[in-house]
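Visitor: need coordinates for the following:
(one chain, ligands or ions: 1)
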Amino acid sequence: MKCAIVVLTLLFCVKAQYEFPTGFEFGVATASYQIEGAWNDGGKGENIWDRMTHERPDLIEDGSTGDDACRSYYKTEEDVRLLTDLGVDFYRFSISWSRILPNGHANQINQEGIDYYNELINRLIAAEITPFVTMFHWDLPQPLQEIGGWPNPFVADIFVDYANILYKEFGDRVTNWITFNEPAVVCEQGYSTAGKAPAYTQEGIGGYLCAHTLLIAHGKAYRLYYRDYFEEQRGRVGITLDSWMYMPEDEESQEDQDAAERAFQFFLGWYANPIFSEEGDYPEVMKSRIEAQSQEEGFRSSRLPSFTDEEIEIIKGSADFFGLNHYTSEYCTTVTGTEDLPRPSHSADIDAFCYQSPDWESSGSSWLKVYPEGLRKLLVWIKQRYINPEIMITENGFSDRTGTLADCRRVNYFNSYLEQVLLAIHEDEVNVTRYAAWSLMDNFEWRQGYTERFGIHYVDFDDDDKPRTPKMSAFVFKNIIQTGGIDWDYTPEAFPPCDWDN
Ligand SMILES: *[C@@H]1O[C@H](CO)[C@@H](O)[C@H](O)[C@H]1NC(C)=O
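Guide: Here you go, the predicted model:
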C-alpha cells in the first residue's frame, strides 16, 4: 500500500500545483426575480414572471411564486454582510426593469426603485465589493409582453432607453455591466418551447425573432455607452451567454463532429458569432440550414431574419468581455432523420441528437450532470473560435433537492470545476479573469420553484423572514478566495470531512 500512498501524494501535488493568477476575481451571482420578493411593493410594476406564476401555477413544479422569494428587497444590509463574510471581490446581481420603469417605458421612472438599487450599490462599495450588474435577467415588464415582447423589433429601442436610465443613475459607481443574461434561454425557452416565461410555443419562429431584437438591443445599448457615458464613467459592457460543452459521441466520426459543431453554432454561435467573431452576423450553418428548411416547409423566406449591414456592424465587437454561464455538457451524434421532430423547430433545424452520459453524477436538476472537464474544453473552444476574448465565468454551480448544510457534492462540484478553470488558464492560456458561483443563496428556481436549491447559503422558505445559513460550500468557497487555490483536504470547522470516494 506504500505505492498507493505515494501515488495519492503525487496526485495531490499535481492537483495543488496551480493557483489563480494575481488579479483574478471571485464573486457570487443572483437575479432580481429569484431573490428580491416585494413583487408589488416599492412602486414596482408587474413583469412576465409575476404574471405567469400568478396565472399559471400549474407551470411551476411546486405551484409557487417569487412574490416573497428571499425578501432581498428588504435585506440589503444582511445580504451585503453575507458577501463580506465570504470575502468576494464582486457581487453579480440583476436589476428588475419593472422596479425602475413600472410600465417598461422610460417616461415614468420609479424613484423608490432607484433608491433601492442605490442603497445596495452604496453598501457594496462601502464593503469594497464591486457591483457587477445585469440589466436583464428574464423579468420583462408585462406591458412590453403585451406588445409582443422580444419578437417585437420595437422593444430593442425600449430596452436601450432603459439601459440609458441605468447608466445615468448608477454609472458613476457601476462600471461593470452585463446587458443580457442567457439570451438563448430567454428566446428559445420563452418564445419557442415554453420552458420559461412568457411560455409561448412558436417553435422554429418565436425564438429566432426574439434573438434578433435582443441582439440589436444589446448592440445599441453598448454603442450608447461608448457614445454618451464611457468618457466619464470608464466602465465595461458585456453580455452573458450560456453554453454547454458539446462533444462528438465518437471523436473519430466526421458526422458526430459536425453534429456537435451544429449544436454549438445553433445554441452559442447564434449569439456569439454576431458579437464576438471576426466576420459578425449569424453563423453560416444557421443561415443556410434554416433557409433550406424554411423552403422545404413552404415559407416564402427564411424563418431566420437577416441583419442589415449597418446592424451587423453595430453588433460586431459590442462586448468588452465574454460572460459565460456553464453548468454541464453533452455528447452529440446525428439523428437518423428529423421525422420525429416538430417542424418547424430549432431542434429540427439543428438536426443533431445530444445527450448526457449516464455515468455522470446527477444533481437536483434533470438537465445538470457533473462533467468538470467540459468547462475546460468549452473555454478552449471559445478561445479558438472567437479571437481569444477575455472570459468572465458569470455562473457555475450545483443543485440539490435536500438543502443539506453539509453539501459535499456541491463542494466537490466547485473544486472540480475550478480545477478545470486553473488548467484552462495555465495550460491552455485561456484568458479567464473572473468566476462567479451560482448562487449566493437558495432562491426561486424558475419553473422548479423552491424544489431545486443552488445556494451556498441555505434559505428557510417556511420562515417568513427567510433566514440564511451558510452551507459547507460557503466556507470552502471562502477558503478558495482567501488562498487563491483549491485544497481538497480543507474541512471547515463544525463540518464532518467529506468522503470523496462516495
Ligand atoms: C486578458 O484580457 C485583458 C483584457 O483584454 C487584458 O488586459 C489582459 O492582458 C489579458 N490577459 C492575458 C493573460 O492575456
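Visitor: and the residue nearest the centre of the chain, bridged to which residues?
Guide: By CA atoms, centre = their mean, the chain has its centre lying nearest to N325, at 4.2 Å. Beta bridges link N325 to D242, E395, judged by DSSP bridges.
Visitor: how much space separates it from F20?
Guide: 19 Å (CB to CB, to the nearest Å). (Each C-beta comes from the backbone N, C-alpha and C, glycine too.)
Visitor: T53 contacts D62, correct?
Guide: No - using CB atoms under 8 Å, T53 makes no contact with D62, being 10.8 Å away.
Visitor: between these two, which one's more packed in?
Guide: Just comparing T53 and D62: by other CB atoms under 10 Å the higher neighbour count belongs to T53, 23 against 14.
Visitor: which SSE is that one in?
Guide: Per DSSP states H and E, T53 falls inside helix 48-55.
Visitor: next one: that helix to chain centre, how far?
Guide: Between the centre of helix 48-55 and the centre of its chain there are 21 Å (CA atoms, centre = their mean, to the nearest Å).
Visitor: and the strands in the stretch 401-502 of the chain?
Guide: Here the stretch 401-502 of the chain has its strands, by DSSP state E, counting those that start in this stretch, at 432-438, 457-459, 468-470.
Visitor: kindly report the same for the chain.
Guide: 25-29, 90-94, 130-136, 176-181, 236-242, 245-248, 322-325, 329-333, 353-355, 391-395, 432-438, 457-459, 468-470 (DSSP state E).
Visitor: will you turn the ones you listed into CSV that also has distance to I480?
Guide: Shown next, in CSV, are these (distance: least, CB to CB, whole Å):
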stretch, distance to I480
strand 25-29, 7
strand 90-94, 15
strand 130-136, 18
strand 176-181, 21
strand 236-242, 22
strand 245-248, 22
strand 322-325, 19
strand 329-333, 22
strand 353-355, 31
strand 391-395, 13
strand 432-438, 9
strand 457-459, 16
strand 468-470, 14
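Visitor: my guess is P274 contacts L215. True?
Guide: Yes - between P274 and L215 there is a contact under CB under 8 Å: 5.4 Å.
Visitor: joint contacts of these two?
Guide: 307, 315 (CB atoms under 8 Å, 6 or more residues apart in numbering).
Visitor: pull out the buried residues from stretch 54-73.
Guide: 59-60, 64-66, 68-73 (16 or more other CB atoms under 10 Å).
Visitor: next one: stretch 221-236
Guide: Across stretch 221-236, burial judged by 16+ other CB under 10 Å covers 221-225, 229-230, 233, 235-236.
Visitor: span of that stretch from start to end?
Guide: End-to-end distance for stretch 221-236: 12 Å, by CA to CA, to the nearest Å.
Visitor: which residues are in contact with that stretch?
Guide: For stretch 221-236, the surrounding residues in contact (CB under 8 Å, 6+ apart) are 135, 159-160, 163-164, 167-168, 171-172, 174-177, 179, 237, 314, 318-321.
Visitor: cool, stretch 474-484 as well?
Guide: Contacts of stretch 474-484 (CB under 8 Å, 6+ apart): 19-20, 24, 26, 28, 85-89, 411, 414-415, 418, 437, 456-457, 486-487, 490, 492-493, 495.
Visitor: which of those residues are buried? Put it as a PyMOL command.
Guide: Listed next is the PyMOL selection for buried residues among these, using 16+ other CB under 10 Å:
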select buried, resi 20+24+26+28+86+88+89+411+414+415+418+437+456+457+486+490+492+495
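Visitor: please report how far S473 lies from G280.
Guide: Separation of S473 from G280 (CB to CB) stands at 40 Å.
Visitor: kindly apply the preceding question to N40 instead.
Guide: The value you get for N40 to G280, if CB to CB is used, is 42 Å.
Visitor: what distance do you get for W381 to G45?
Guide: 40 Å.
Visitor: same question but for P131, I mixed them up
Guide: Counting by CB to CB - P131 and G45 are separated by 23 Å.
Visitor: and for the closest residue to Q257 other than its chain neighbours, the neighbour number?
Guide: Nearest non-adjacent residue to Q257, counting by CB to CB, 6 or more residues apart in numbering: P248, 4.6 Å away. Neighbour count of P248, defined by other CB under 10 Å: 20.
Visitor: same check on N103?
Guide: 15.
Visitor: please produce JSON lines containing the buried residues of stretch 221-236, extended by distance to A106 and pLDDT.
Guide: Shown next, in JSON lines, are the buried residues of stretch 221-236 (distance: CB to CB, whole Å; pLDDT from 0 to 100):
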{"residue": "A221", "distance to A106": "13", "pLDDT": "99"}
{"residue": "Y222", "distance to A106": "18", "pLDDT": "99"}
{"residue": "R223", "distance to A106": "17", "pLDDT": "99"}
{"residue": "L224", "distance to A106": "13", "pLDDT": "99"}
{"residue": "Y225", "distance to A106": "16", "pLDDT": "99"}
{"residue": "Y229", "distance to A106": "16", "pLDDT": "99"}
{"residue": "F230", "distance to A106": "20", "pLDDT": "99"}
{"residue": "Q233", "distance to A106": "19", "pLDDT": "98"}
{"residue": "G235", "distance to A106": "20", "pLDDT": "98"}
{"residue": "R236", "distance to A106": "23", "pLDDT": "98"}
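Visitor: just those residues now: which is nearest G397?
Guide: Distance ranking of those against G397, using CB to CB, places R236 first at 23.6 Å.
Visitor: dig out what the closest one forms beta bridges with.
Guide: Counting by DSSP bridges, the residues bridging with R236 are N176.
Visitor: just to check, D407 is in contact with H457?
Guide: No - judged on CB under 8 Å, D407 makes no contact with H457 at a distance of 10.6 Å.
Visitor: most tightly packed of the strands of the stretch 401-502 of the chain?
Guide: Counting by mean count of other CB atoms under 10 Å, strand 432-438 has the highest mean neighbour count of the strands of the stretch 401-502 of the chain, with a mean of 24.
Visitor: what pairs with that strand, parallel or antiparallel?
Guide: strand 25-29 (parallel), strand 391-395 (parallel).
Visitor: how distant is it from the center of its chain?
Guide: 11 Å.
Visitor: same deal with stretch 73-84?
Guide: Going by CA atoms, centre = their mean, where stretch 73-84 is centred and where its chain is centred differ by 22 Å.
Visitor: also stretch 120-131?
Guide: On CA atoms, centre = their mean, the centre of stretch 120-131 falls 22 Å from that of its chain.
Visitor: so what's in contact with D407 and H457 at the same time?
Guide: Common neighbours of D407 and H457 (CB under 8 Å, 6+ apart) are K471.
Visitor: show me the shaky parts of the stretch 401-502 of the chain.
Guide: Applying pLDDT under 70 to the stretch 401-502 of the chain flags the ranges 501-502.
Visitor: quick one: stretch 204-219 to chain centroid distance?
Guide: With CA atoms, centre = their mean as the basis, stretch 204-219 stands 17 Å off its chain's centre.
Visitor: got it, and stretch 188-199?
Guide: That offset, for stretch 188-199, works out to 16 Å (CA atoms, centre = their mean).
Visitor: quick one: end-to-end distance for it.
Guide: Start-to-end span of stretch 188-199 (CA to CA) is 10 Å.
Visitor: please consider this matter closed, and thank you.
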